Each structure stands twice: as structure tokens, then as C-alpha cells.
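Asks: what's the 3D shape of this:
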Amino acid sequence: MNKRNLLRAIIWLVLIAGLSVITYYNNKLFITNSVKKDISAQEQKKIELEQDIKIIENKIKDYNEFMFEDNRYLSFIPNGYDSQDVLLNYVITPLKRAEAKLLSPISIIDEMPSNIDWSRNINRSKLQSKKISISFNIAAKDLDNYFNILQSSVRCIYIGDFHLTHITSSYPDGEGVLDYKVDIDYYIFYHDNHK
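Replies: Take a look at the predicted model:
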């Protein structure tokens, strides 16, 4: 009877030890490796996003530099446009076409950017601008399209402050989709014929 109990105890100890070893290696191989892969994928995505942001910032810089060319001054917003026309044509329409979601009230004020190296060929005495400040969410895939739409809406536009924040939106299917929160100030120009 004692031999039998001893044999059972040894078998149970071997089974427990074997299952513990299997559980340990299973945890190490599958769970730990899965977590490491997830972390690596997230780091890779972060690097890609930072590269995308750098590309957008370079595009803005290039666009702002080309704005100084004389032919850009041929396209101002039309005379007689009031804030409602500006709002519709140069704020709401680009946001809608790029499927962006406005987050805060829109600010439109008369203000000239201070850091533009104006061409000598432009009559600055009548030159005025409207500064537009907005904040919106947009899908990462649509951000470049937004800037293309915005810049094609009026050729003479100057992008001032620009801040981008990554956010992840949850959708009903459970997938997280990367979006951006954009805070931007930009200027559109017009001739004040009353001066």
C-alpha cells in the first residue's frame, strides 16, 4: 500500500513538474513573443507616422516658399467677399471634401502675417489678409488630400501655425483607426480697394 501511494505521489509530482515546464515555455514562446511583436509593430507605425508628419511639414514649407513667387499674387480672394464667403469657400468646403470633422468654432480675423518676405513687385499698400484659425479631426489617409484641396481653393494662401496630434478613434467593428487632430492658422489675401 505504501509503495502504491509513493508511486502515485511520484507520478503526480512528475505530471505537475511537466505541466509547469510546458506552461512556462508556452507563456514565454507565445505570449511574450506576441507582446514583443505588438510593441515592435507599434514602434514601426510610430516611425512611419513621424515620417508622414515630416513630409507634410516639408510640403507646407515648400508651398509657403513658392507663395512668394509673383504669379501667386494674381489670385487673391475676390473683392467683396465677406467673412461668410470666406468661411464657405476656404474653410467649410475643404473640410467637407476631405471628410474632416470640425472640433471648435472657426476664427476669422483681419491680420497680416509678419514673417513674409514680400516681392518688390507687389503693391503692399492695398494688400490685406484674413487669418483663419481652425481645429479639426481627420483620418490620416485624408490629411494630404485636405492640404491639396485647401491650396487649390485659392492660390495665394500662407500657412502659419500648424500642430498635429495622433489620436486613435474606435469604430463599431472594434478596429482602431488612426486619425489626426489638426490645429492650423492660415492666411488668405485680398486687395482693399477702399484704401
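Asks: Y81 - how many residues pack around it?
Replies: Number of residues near Y81 (other CB atoms under 10 Å) recorded here: 17. (Glycine included, C-beta is placed from N, CA and C.)
Asks: what's near enough to touch it?
Replies: N89, Y190 (CB atoms under 8 Å, 6 or more residues apart in numbering).
Asks: Look up the pLDDT of it for me, please.
Replies: pLDDT for Y81: 71.
Asks: In three-state terms, label it for me.
Replies: With DSSP: H, G, I helix; E, B strand; the rest coil as the basis, Y81 sits in coil.
Asks: Buried residues of stretch 150-167, list them for me.
Replies: L150, Q151, S153, V154, R155, C156, I157, Y158, I159, G160, F162, L164 (16 or more other CB atoms under 10 Å).
Asks: actually stretch 90-100, not the one I typed
Replies: Buried residues in stretch 90-100, counted by 16+ other CB under 10 Å: Y90, V91, P94, L95, A98, A100.
Asks: in the protein, which spans are strands?
Replies: Assigned by DSSP state E, the chain shows strands spanning 101-102, 107-110, 127-139, 157-170, 176-191.
Asks: so what's the residue nearest to E57 when sequence neighbours are not counted bridging to?
Replies: Closest residue to E57 apart from its sequence neighbours, by CB to CB, 6 or more residues apart in numbering: F162 at 7.3 Å. F162 forms beta bridges with I184, as assigned by DSSP bridges.
Asks: thinking again about what came up before, looking at the strands of the chain, spot the one closest to E50.
Replies: strand 157-170 (9.5 Å; CB to CB).
Asks: If I take that closest one and strand 127-139, what angle do their directions form?
Replies: Angle, strand 157-170 to strand 127-139, by axes from the mean of the first three to the mean of the last three CA atoms, to 10 degrees: 20 degrees.
Asks: So what's the gap between strand 157-170 and the chain middle?
Replies: Distance of strand 157-170 from the chain centroid (CA atoms, centre = their mean, to the nearest Å) equals 5 Å.
Asks: quick one: contacts of it?
Replies: Applying CB under 8 Å, 6+ apart, the external contacts of strand 157-170 come out as 49, 53, 56-57, 60, 63-64, 67, 90, 113, 116, 129, 131, 137, 143, 150-151, 176-189.
Asks: Narrow those residues to just the buried residues.
Replies: With neighbours counted by 16+ other CB under 10 Å, the contacts of strand 157-170 contain buried members at 53, 56, 60, 63-64, 67, 90, 116, 129, 131, 143, 150-151, 179-180, 182, 184-189.
Asks: Please enumerate the helices of this protein.
Replies: Ranges of helices in the chain, per DSSP state H, are 2-26, 33-66, 83-87, 93-97, 143-153.
Asks: Point out the most buried one among those.
Replies: Among the helices of the chain, the stretch with the highest mean neighbour count (mean count of other CB atoms under 10 Å) is helix 143-153, at a mean of 17.
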